[in-house]
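Pasted the sequence and its predicted model underneath.
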Amino acid sequence: MTQTDTPAAESVGKGLKPGAIGLIGSIVVGIASTAPAYSLAASLGYVVITQNGSGIIGVKAPLIMVLAFVPMYFIAVAYAELNRAEPDCGTTFTWAARAFGTRVGWMGGWGIIVADIIVMANLAQIAGSYTFTFFGLDSLAASTLWSTVAGVVWIAVMTYICYRGIEVSVRLQYALLGMEVLVLIVFAVVALAKATWGDVPTAITPSLSWFSLSGITGTGLVTASLIAVFIYWGWDTAVATNEEADDPATTPGRAAVLSTVLLLLTYALVSVATIAYAGVGTTGIGLGNEANADDVFAAMGSAVFGSGAFGWVMIHLLSISILTSASASTQTTILPTARTALSMAAFKAIPERFDRIHPRYLTPTDSTVWMGVVSIAFYVGLTLLSANILADTIAAVGLMIAFYYGLTGYACVWFYRRTFWYRPRDLVMQGLLPFLGGTMLLGAFVWASKTYADPNYGYTSIANVGGVFLLGVGSLVIGVVLMVIRQAVSPAYFRGETLPRRDSTELVLLTPDVPDVADATAVRTLPDSGVMPTVIAPDLSNLPPGQVAVDPLTGETFEHRPDTEGTEEESPGGLGEG
């Protein structure tokens with residue numbers, strides 16, 4: 001079946017398949033996108049060895065997991081609230097454009113795309129090397145050439161699965177995630193049991209002091225938290241697939257919030273168990289040993305499970321889990337990136353060819369394929385340049401995550417700034433929590449950028465500037481350049497011509513019974529209140545001359561100009577189109 005040349009914008013919505021994912025499916029996609037087994041294997045060791053004054057973070061790593069959850073939860077709330085108003089698969093791109101203008105929205109979309117492209121290199125490397133490790137081909141796993149070849153194959157396979165349809169992708173994730181979580185829980189329980197009752201030389205008794213801030217420096221806290229943010233990153237895929245959910249306005253937001261909570265429980269349990277068993281020493285299986293940082297499970301899996309039949313089975317299942325986790329995350333990284341590009345193309349922020357939809361599979365065609373192609377090119381390019389640069393990608397991705405998640409938090413506050421004052425619940429969920437989440441992440445972005453610019457930080461440096469800084473901030477600079485070029489070539493989006501006013505909640509006529517935004521909001525949220533408002537059409541065709549309509553969700557007000565009957569005008573200070 002060949003792809004259609006008809007732009008998605010000409011079909012219903014963007015042409016994606018509606019009702020394809022329920023709440024459980026959205027949660028599975030959200031959690032699978034974070035790749036729990038792979039994320040812990042590749043990042044927990046780096047959290048432990050993060051410099052903290054004259055020492056390392058060490059046993060405080062479980063605290064870091066909890067602290068990283070806080071802004072993640074706050075931003076998940078922001079995603080849920082913004083998605084309720086506008087369930088668009090562009091997520092941050094669309095919402096930031098609504099709140100702050102088209103240029104900020106474009107950079108938000110670019111932040112999502114470039115973060116996913118950067119992390120694909122790391123995911124492919126892990127998936128490629130583990131493919132050979134699983135079959136006992138250790139020499140091939142250690143070969144840069146062959147692990148790269150295998151990683152490229154994984155990207156190609158997962159790109160094809162994403163191309164074939166969202167339902168195929170979700171069904172695959174059910175199986176992969178179920179085994180992954182089960183193996184992690186068994187690993188944590190066995191490690192804790194042996195650390196507590198067994199004869200393990202490296203074991204440390206878990207203590208509540210591990211969750212205390214005492215002894216942590218500001219730089220150590222921020223740097224370790226950004227690495228831990230990477231471990232949580234990915235739940236927003238549940239929202240990026242909102243236009244394919246059974247209830248686009250509510251299901252994705254609920255899934256995002258529930259995903260972060262379930263991830264917290266998993267990460268807290270596994271990090272405590274891992275440290276309790278292996279300790280934070282600098283030799284052997286100790287997590288303070290830098291040689292173990294790339295993969296803590298490979299370093300201690302055999303010690304935890306032993307050499308018997310049970311150990312043999314569980315060690316192989318652990319290897320499979322990390323392999324499938326990385327490969328599954330490859331798939332669920334392609335999904336949101338393709339949909340962000342689809343939304344940007346539908347609103348003409350990038351070339352319109354990227355909004356084409358397959359007529360049978362109802363998936364983004366060009367967006368999906370190009371995500372796979374660019375990811376392969378970036379991965380191979382980094383590998384050819386230096387293997388050490390790949391080691392810096394996780395920290396660089398942390399910068400990008402902090403950027404676009406933080407931007408989403410502020411977008412939520414500004415989007416609802418007119419209406420969240422009227423209900424305590426809205427003040428907290430649409431104002432306070434998103435603002436705190438945005439402030440935490442963007443503050444971490446600034447602090448970490450200064451740290452990462454040091455040529456002595458990380459594994460690479462160019463022209464006396466740290467490689468992590470160049471990968472992260474440099475990617476944003478490239479985005480600014482591309483945005484300027486796009487604006488010069490096709491300025492319609494940047495003039496606000498292609499992002500029409502939202503068509504979500506109906507407008508309400510301001511009357512003596514519904515005199516202001518507060519009452520309009522109450523009518524919207526309490527339909528059985530007894531007050532029946534007059535509904536105004538989006539084109540204001542039934543708005544009486546001289547009267548005012550209000551959008552009860554955002555507080556926008558609309559009225560006819562005396563000399564332009566039948567046209568709509570936003571009152572001063574209302575939400576603009578960028």
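Arrived safely. Numbering: from 1, shown residues only.

Buried ones in stretch 249-263, by neighbour count?
249-260, 262-263 (16 or more other Cβ atoms under 10 Å). To be clear about C-beta, it is placed using only N, CA and C from the backbone, and glycine gets the same treatment.

Could you check how far A488 is from F354?
19 Å (Cβ to Cβ, to the nearest Å).

So for these two, which sits in the more crowded spot?
Between A488 and F354, F354 has the larger neighbour count (other Cβ atoms under 10 Å), namely 25 against 9.

which SS class is the nearest residue to the more buried one once chain neighbours are set aside?
Nearest in space to F354, with sequence neighbours left out and distances taken as Cβ to Cβ, 6 or more residues apart in numbering, is A345 at 3.7 Å. On the three-state scheme (DSSP: H, G, I helix; E, B strand; the rest coil), A345 is labelled helix.

before we move on, what about V468?
Criterion first, three-state DSSP; result for V468: helix.

how many other residues sit next to it?
V468: 31 neighbours (other Cβ under 10 Å).

what do you get for E180?
27.

now N542
12.

Relative to A549, how far out is it?
9 Å.

could you pull out the helices for the stretch 451-578 of the chain?
Along the stretch 451-578 of the chain, the stretches classed as helices by DSSP state H, counting those that start in this stretch are 467-489, 517-525.

if you compare those, which one is most tucked away?
helix 517-525 (a mean of 19; mean count of other Cβ atoms under 10 Å).

ok, back up a step: S54: which of the helices of the stretch 451-578 of the chain is closest?
When those are compared by Cβ to Cβ, helix 467-489 sits nearest S54, at 22.0 Å.

what's the average pLDDT for that closest one?
Averaged across helix 467-489, pLDDT comes to 91.

For it, which outside residues touch it?
103, 106-107, 110-111, 114, 118, 349-350, 388-389, 392-393, 395-400, 403, 449, 452-453, 457-462, 494 (Cβ atoms under 8 Å, 6 or more residues apart in numbering).

Just the mean pLDDT for stretch 103-113, thanks.
Rounded mean pLDDT across stretch 103-113 is 94.

Please save the CA atoms from that stretch in PDB.
Below are the C-alpha coordinates for stretch 103-113, written out as PDB (Å, rounded to 0.1, in the frame of the first residue of the first chain):
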ATOM      1  CA  ARG A 103       8.400  31.200  17.600                       C
ATOM      2  CA  VAL A 104       8.400  29.900  21.200                       C
ATOM      3  CA  GLY A 105       6.100  27.100  20.000                       C
ATOM      4  CA  TRP A 106       8.400  26.200  17.200                       C
ATOM      5  CA  MET A 107      11.300  25.900  19.600                       C
ATOM      6  CA  GLY A 108       9.200  23.700  21.900                       C
ATOM      7  CA  GLY A 109       8.600  21.400  19.000                       C
ATOM      8  CA  TRP A 110      12.200  21.400  18.000                       C
ATOM      9  CA  GLY A 111      13.200  20.600  21.600                       C
ATOM     10  CA  ILE A 112      11.100  17.400  21.500                       C
ATOM     11  CA  ILE A 113      12.400  16.300  18.100                       C
END
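
so what's the most centrally placed residue in the chain closest to, chain neighbours aside?
Nearest residue to the geometric centre of the chain (Cα atoms, centre = their mean): G234, 3.7 Å. Nearest residue to G234 in three dimensions, chain neighbours excluded: S33, at 3.3 Å (Cβ to Cβ, 6+ apart).

if we can go back for a sec, list the contacts for the residue nearest to the centre of the chain?
30, 32-35, 329, 332-333.

For these, give me TSV that also has distance to S319 and pLDDT.
Shown next, in TSV, are the contacts of G234 (distance: Cβ to Cβ, whole Å; pLDDT from 0 to 100):
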residue	distance to S319	pLDDT
G30	25	79
A32	18	77
S33	21	76
T34	19	80
A35	15	79
S329	16	72
T332	20	67
T333	21	77
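
chain center to the helix or strand M371 falls within, what's the gap?
Under the criterion of DSSP states H and E, M371 resides in helix 366-385. In terms of Cα atoms, centre = their mean, to the nearest Å, the centre of helix 366-385 is found 19 Å from the chain centre.

Is I155 in contact with I376, as I believe?
Yes. Using Cβ atoms under 8 Å, I155 is in contact with I376, at 5.4 Å.
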